[in-house]
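S.K.: next come a sequence and a model predicted from it.
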Amino acid sequence: MTASPLVLGIETSCDETGIGLVRGRELLADAVASSVDEHARFGGVVPEVASRAHLEAMIPAFDRALATAGARPGDIDAVAVTAGPGLAGALLVGVAAAKAYALGLGKPLYGVNHLAAHIAVDQLEHGPLPSPAVALLVSGGHSSLLLVPDVAAEVIPLGATIDDAAGEAYDKVARVLGLPFPGGPPIDAAARDGDPAAIGFPRGKYHDGTLDFSFAGLKTAVARWVEARQAAGEPVPVADVAASFQEAVADVLTAKAVRACREHGVRDLIVGGGVAANSRLRALAAARCDEAGIRLRVPRPRLCTDNGAMVAALGAEIAGRGLPPSPLDLPADSSLPVTEVVVR
Ligand code: KG4
Ligand code: ZN
């Protein structure tokens with residue numbers, strides 16, 4: 001294997017079918033097909049619908065990625081795939097496809113961790129990751145703080161949500177406010193016209209001394225507040241509720257991320273996952289890191305939400321170091337622990 005292998009990355013852990021092509025740390029193609037519109041009327045991702053959509057989108061996305069990169073299947077040096085965590089049926093589609101490509105091309109297969117891939121993708125934009133770094137991963141499925149001595153080999157959990165993920169809270173609050181699914185982008189937009197200090201929503205676990213999060217209480221507080229207005233026959237100030245909710249989320253996420261850096265003597269913070277696309281989270285993280293003397297790295301929004309490039313980026317890091325591949329009977333593991341960067 002060369003130090004800059006051409007790696008195919010396959011992501012199917014939730015509702016995005018992602019096919020990425022990366023050479024070393026250079027992004028060549030990032031084809032994403034989302035089934036989000038098919039889930040919108042249910043207000044959340046329906047696993048069976050997602051699995052079927054992955055099956056239909058896989059080969060066209062593969063063809064699109066190769067065409068964009070100007071590459072042929074025979075040019076691929078290694079195949080990387082999200083082995084977990086994620087929706088079991090959805091993961092299976094990607095893992096089966098990856099095995100077929102690896103076997104057909106006669107190339108090594110790397111079953112990788114979705115969370116580590118969310119971190120590794122930053123290398124495509126900002127170069128090699130500093131060691132150690134702290135990563136804040138916030139998406140529809142996870143909210144975690146991680147210590148990252150080496151994204152290809154060692155990721156240590158520092159804290160995580162004890163109930164809802166941050167993105168899940170966005171999606172649920174959006175529903176309460178009558179905004180579409182997924183809730184992050186419309187709340188982000190509505191909040192621009194609102195006052196973040198209008199309503200003092202609770203900041204769960206803010207002062208508990210841990211690096212864990214809790215968003216269930218916040219979500220319930222927003223729902224109760226909105227219901228009370230409606231019961232009184234008063235209009236709901238959507239922009240103020242959105243801004244105040246968003247402020248509570250960004251406040252607690254950034255406060256704990258900075259604390260994690262301080263406690264572990266780390267100078268570099270990486271923020272990733274779909275919620276890292278949030279404008280207030282990005283702004284507050286920048287301000288607080290600046291104040292604390294922490295260097296902040298956040299990939300551009302398109303690389304924050306689920307995609308195949310992140311899987312290819314992690315695969316390229318692992319394969320480029322000559323680390324051993326996964327077995328061809330690699331299982332999909334819906335609850336793959338974050339400490340398992342690559343499945344062996
Ligand atoms: O990483 P991702 O694409 O998929 C998962 O692994 O879950 O994250 C999706 C989540 C959704 O909950 C969505 O509402 C949230 O990311 N999201 C945002 C924004 N864009 C997407 N949340 C807040 N602000 C945004 N601008
Ligand atoms: Zn994700």
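M.R.: Great, that's in hand. Ligands and ions are numbered 1, 2, ... in the order given.

S.K.: going forward, measure contacts between C-alpha atoms and count neighbours the same way
M.R.: OK.

S.K.: what's the first helix or strand after the helix or strand residue 97 falls within?
M.R.: Using DSSP states H and E, residue 97 sits within helix 88-105. Sequence order places strand 109-113 as the next helix or strand after helix 88-105, per DSSP H and E.

S.K.: mind listing residues that contact that following strand?
M.R.: Contacts with strand 109-113, where a contact means C-alpha atoms under 8 Å, 6 or more residues apart in numbering, come from 78-85, 95, 98-99, 102, 311, 314-315, 325-328, 330, 336, 338, 340-344.

S.K.: kindly report the same for stretch 277-285.
M.R.: With contact meaning C-alpha under 8 Å, 6+ apart, stretch 277-285 is reached by 184-185, 188, 246-247, 249-251, 253-254, 275-276, 296, 298, 300-302, 304-305.

S.K.: how about exporting that stretch as CSV, limited to the C-alpha atoms?
M.R.: The C-alpha trace of stretch 277-285 is given here as CSV (Å, rounded to 0.1, in the frame of the first residue of the first chain):
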residue,chain,number,x,y,z
ALA,A,277,-23.4,23.0,10.9
ASN,A,278,-25.3,25.2,13.4
SER,A,279,-24.3,28.9,13.0
ARG,A,280,-24.7,29.7,16.7
LEU,A,281,-22.7,26.7,17.9
ARG,A,282,-19.9,27.6,15.4
ALA,A,283,-19.8,31.3,16.6
LEU,A,284,-20.0,30.5,20.3
ALA,A,285,-17.3,27.8,20.0
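
S.K.: for that stretch, which positions count as buried?
M.R.: Neighbour counts over stretch 277-285 (16 or more other C-alpha atoms under 10 Å) mark 277, 278, 279, 280, 281, 282, 284, 285 as buried.

S.K.: select from those every entry located in helices.
M.R.: Mapping those onto helices (DSSP state H) picks out 279, 280, 281, 282, 284, 285.

S.K.: would you mind listing what in the stretch 101-250 of the chain touches ligand 1?
M.R.: Within the stretch 101-250 of the chain, the positions adjacent to ligand 1 are 139, 140, 141, 167, 168, 170, 171, 182, 183, 184, 185, 188 by C-alpha under 6 Å from any ligand atom.

S.K.: among those, who's most crowded?
M.R.: Highest neighbour count within those: residue 170, with 29 neighbours (other C-alpha atoms under 10 Å).

S.K.: that one touches residue 184, doesn't it?
M.R.: Yes - if you go by C-alpha atoms under 8 Å, residue 170 and residue 184 touch, sitting 5.4 Å apart.

S.K.: what number of residues lie near the residue nearest to residue 328 when sequence neighbours are not counted?
M.R.: Among residues not flanking residue 328 along the chain, residue 99 sits closest, at 6.4 Å (C-alpha to C-alpha, 6 or more residues apart in numbering). Using other C-alpha under 10 Å, residue 99 has 23 other residues around it.

S.K.: now the helices for this structure?
M.R.: 36-39, 47-69, 88-105, 114-120, 122-126, 166-176, 184-191, 216-231, 238-263, 279-292, 301-304, 308-320.

S.K.: now the fourth one: average pLDDT?
M.R.: When pLDDT is averaged over helix 114-120, the result is 97.

S.K.: just checking, what packs against it?
M.R.: Secondary structure elements in contact with helix 114-120, counted by 3 or more C-alpha pairs under 8 Å, 6 or more residues apart in numbering; DSSP states H and E, are strand 78-84, strand 133-138, strand 268-272, helix 308-320.

S.K.: next, the contact list for residue 95, please.
M.R.: Contact analysis of residue 95 by C-alpha under 8 Å, 6+ apart lists 81, 82, 83, 111, 330, 331, 332.

S.K.: out of those, which is nearest to residue 63?
M.R.: residue 81 (16.6 Å; C-alpha to C-alpha).

S.K.: quick one: is the helix or strand bottoming out on mean pLDDT in the chain near ligand 1?
M.R.: In the chain, no helix or strand scores lower on mean pLDDT, DSSP states H and E than helix 36-39, which sits at a mean of 90. No - against ligand 1, helix 36-39 shows no contacts by C-alpha under 6 Å from any ligand atom, the least distance being 10.0 Å.

S.K.: what residue in the stretch 1-150 of the chain comes nearest to ligand 1?
M.R.: Closest approach between the stretch 1-150 of the chain and ligand 1, counting by C-alpha to the nearest ligand atom: residue 140, at 3.2 Å.

S.K.: so what's the nearest residue to residue 18 once chain neighbours are set aside up against?
M.R.: Once flanking residues are discounted, residue 18 sits nearest to residue 308: 4.0 Å by C-alpha to C-alpha, 6+ apart. Residue 308 sits next to 9, 10, 11, 17, 18, 19, 20, 21, 30, 31, 32 when contact means C-alpha under 8 Å, 6+ apart.

S.K.: re earlier: in a markdown table: the helices and strands packed on helix 114-120, plus mean pLDDT.
M.R.: Formatted as a markdown table, the helices and strands packed on helix 114-120 follow (pLDDT from 0 to 100):
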| stretch | mean pLDDT |
| --- | --- |
| strand 78-84 | 98 |
| strand 133-138 | 98 |
| strand 268-272 | 97 |
| helix 308-320 | 98 |
